[in-house]
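*Asks:* need a structure here:
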Amino acid sequence: MINRHFNALFLFIPAVCIPNQAQANPPQPWSAGFNADISLLMGYSESRSPFNTDNNSAIGDYGKAESQSDALIAPLGTISYTNDALNKQFYFGTSRSDLAFGRFHIELGYKHKLDDNGTLILSYVPGLLTAETWQDPYLLDQARAKTDSKIRGVRFQYNQILGSHFSLELAGGNQDIDHENSGASQSKLTDTQKQSLDRQSDIYFAQLSHLLPINRAQALRSAIRYTRDDAQGSAMASDNYGVELSLVHHFNKANFALTASYNYVEFDATNPIFERTQQDDRWGVFLAAQYNEPMDWKNWNLVSLIGYNQSNSNITFYDEDSLLFTVGMNYRF
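*Replies:* So this is what the prediction gives:
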């Protein structure tokens, strides 16, 4: 089960391996047989969100949520098998390129290298991780009950399309909440209005990215993306339009990735509790760093990340922010 600071970790997951895409040369070739990456991360997180179940279970109004902080420790890893021809790979765990750009998935997948240097990736996100949320986030002056939510989905990626610097990602899935009772405490709402607050949803995602090599040490990655959260409740359904820009830099034994992102989120219908339609401006910035073979330890890497995310909503209740700092070690074999 994922508590609050693990949610922050998955929002800002550090670059266990910043990819060698900063160089114009092709990525490091696969190795035949079984391979694995194992990481142990420690750090500090601070976040403010109305859905933090580490906050007080009772609230007296719909103002900004309380800020919570905590230390964290997290083991992460990926295991893979590559065929002798070095063009097919099965893997389970976290995607290394995602880790480098601040996203997180645990997935079971298959990769296939094409003759034009492109790579096709098909994966399944089984929803092994659950996150806690409130059954009814809007309950006032009483202790709110917790429940679990999870996301399952499938994901398709085509990296280096036809040998170019463009990549495409498409994904679809659903979010399931064990006990979804949003608005049940609002006696003034009709049944239809309460139904409009249902957070369970189908989620569709599309992203087109481009990697521009600047020189052998630097590259600039840009991306545009769209997410449709087709929630069962019309007030919770939304369209999310996002852009992202990353500067990747390789310097001797160190790699760095500085990423900034912005998302505009527009919801479908009026929230009956606040009598307005929600709109959010979400932005984030983080710096991921990796130092290879510290003290000449072969196959070991030192990794770290500092990140900050903020969501400003036209409804104060939904304002959120997160701060994360992690440091750890990664071992490859």
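*Asks:* Show the contacting residues for Ser222.
*Replies:* Listed by C-beta atoms under 8 Å, 6 or more residues apart in numbering, the contact partners of Ser222 are 209-210, 212, 243-246. In short, each C-beta sits where N, CA and C put it, glycine included.
*Asks:* Which one (most neighbours) among these?
*Replies:* Using other C-beta atoms under 10 Å as the neighbour test, the contacts of Ser222 are led by Ser246, with 23 neighbours.
*Asks:* Leu220 and Glu244 touch, don't they?
*Replies:* No - between Leu220 and Glu244 there is no contact under C-beta atoms under 8 Å: 11.3 Å.
*Asks:* And for Gly33, the neighbour number?
*Replies:* With other C-beta under 10 Å as criterion, Gly33 counts 10.
*Asks:* Can you name the residues that contact it?
*Replies:* With the criterion set at C-beta under 8 Å, 6+ apart, Gly33 makes contact with 81-82.
*Asks:* pLDDT below threshold where in the stretch 151-300 of the chain?
*Replies:* For the stretch 151-300 of the chain, applying pLDDT under 70 flags no range at all.
*Asks:* Tell me where it has strands.
*Replies:* Applying DSSP state E, counting those that start in this stretch to the stretch 151-300 of the chain gives strands spanning 166-177, 201-213, 218-231, 238-251, 254-271, 276-292, 300-313.
*Asks:* Could I get those strands in TSV, plus columns for distance to Thr326?
*Replies:* Converted to TSV, these look like this (distance: least, C-beta to C-beta, whole Å):
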stretch	distance to Thr326
strand 166-177	25
strand 201-213	24
strand 218-231	21
strand 238-251	18
strand 254-271	14
strand 276-292	10
strand 300-313	5
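*Asks:* out of these, nearest to Ile106?
*Replies:* strand 166-177 (12.9 Å; C-beta to C-beta).
*Asks:* Of all the residues in the closest one, which ones are buried?
*Replies:* 167, 169, 171-173, 175-177 (16 or more other C-beta atoms under 10 Å).
*Asks:* go on, stretch 323-332?
*Replies:* 323-326, 328-330, 332.
*Asks:* so of those residues, which ones are in strands?
*Replies:* 323-326, 328-330, 332 (DSSP state E).
*Asks:* looking at the strands of the stretch 151-300 of the chain, which is closest to Asn35?
*Replies:* Per C-beta to C-beta, nearest to Asn35 of those: strand 300-313, 14.6 Å.
*Asks:* Send over that closest one as CSV, restricted to the C-alpha atoms.
*Replies:* Once non-C-alpha atoms are left out, strand 300-313 reads as follows in CSV (Å, rounded to 0.1, in the frame of the first residue of the first chain):
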residue,chain,number,x,y,z
TRP,A,300,27.3,1.0,-9.0
ASN,A,301,25.7,4.4,-9.5
LEU,A,302,24.9,7.2,-7.0
VAL,A,303,21.5,8.8,-7.8
SER,A,304,19.6,11.8,-6.5
LEU,A,305,16.6,14.0,-7.2
ILE,A,306,15.2,17.3,-6.1
GLY,A,307,11.7,18.1,-7.3
TYR,A,308,8.7,20.4,-6.7
ASN,A,309,5.2,20.2,-8.1
GLN,A,310,2.3,22.6,-7.6
SER,A,311,-1.3,22.6,-8.7
ASN,A,312,-3.3,25.9,-8.5
SER,A,313,-7.0,25.4,-8.9
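*Asks:* Remind me what it packs against, helices and strands.
*Replies:* When contacts are defined as 3 or more C-beta pairs under 8 Å, 6 or more residues apart in numbering; DSSP states H and E, strand 300-313 packs onto strand 33-48, strand 276-292, strand 320-332.
*Asks:* got a list of what the nearest residue to Gly153 once chain neighbours are set aside touches?
*Replies:* Of all residues not flanking Gly153 in the chain, Gly173 sits nearest, at 2.1 Å (C-beta to C-beta, 6 or more residues apart in numbering). Contact analysis of Gly173 by C-beta under 8 Å, 6+ apart lists 125, 151-154, 202-203.
*Asks:* Is it possible to mark the buried ones in those?
*Replies:* 125, 151, 153, 203.
*Asks:* ok, now how distant is the residue nearest to Gln142 when sequence neighbours are not counted from Asp136?
*Replies:* Here the nearest residue to Gln142 in space, its sequence neighbours aside, is Ala58; by C-beta to C-beta, 6+ apart that works out to 5.9 Å. Going from Ala58 to Asp136 by C-beta to C-beta, to the nearest Å gives 12 Å.
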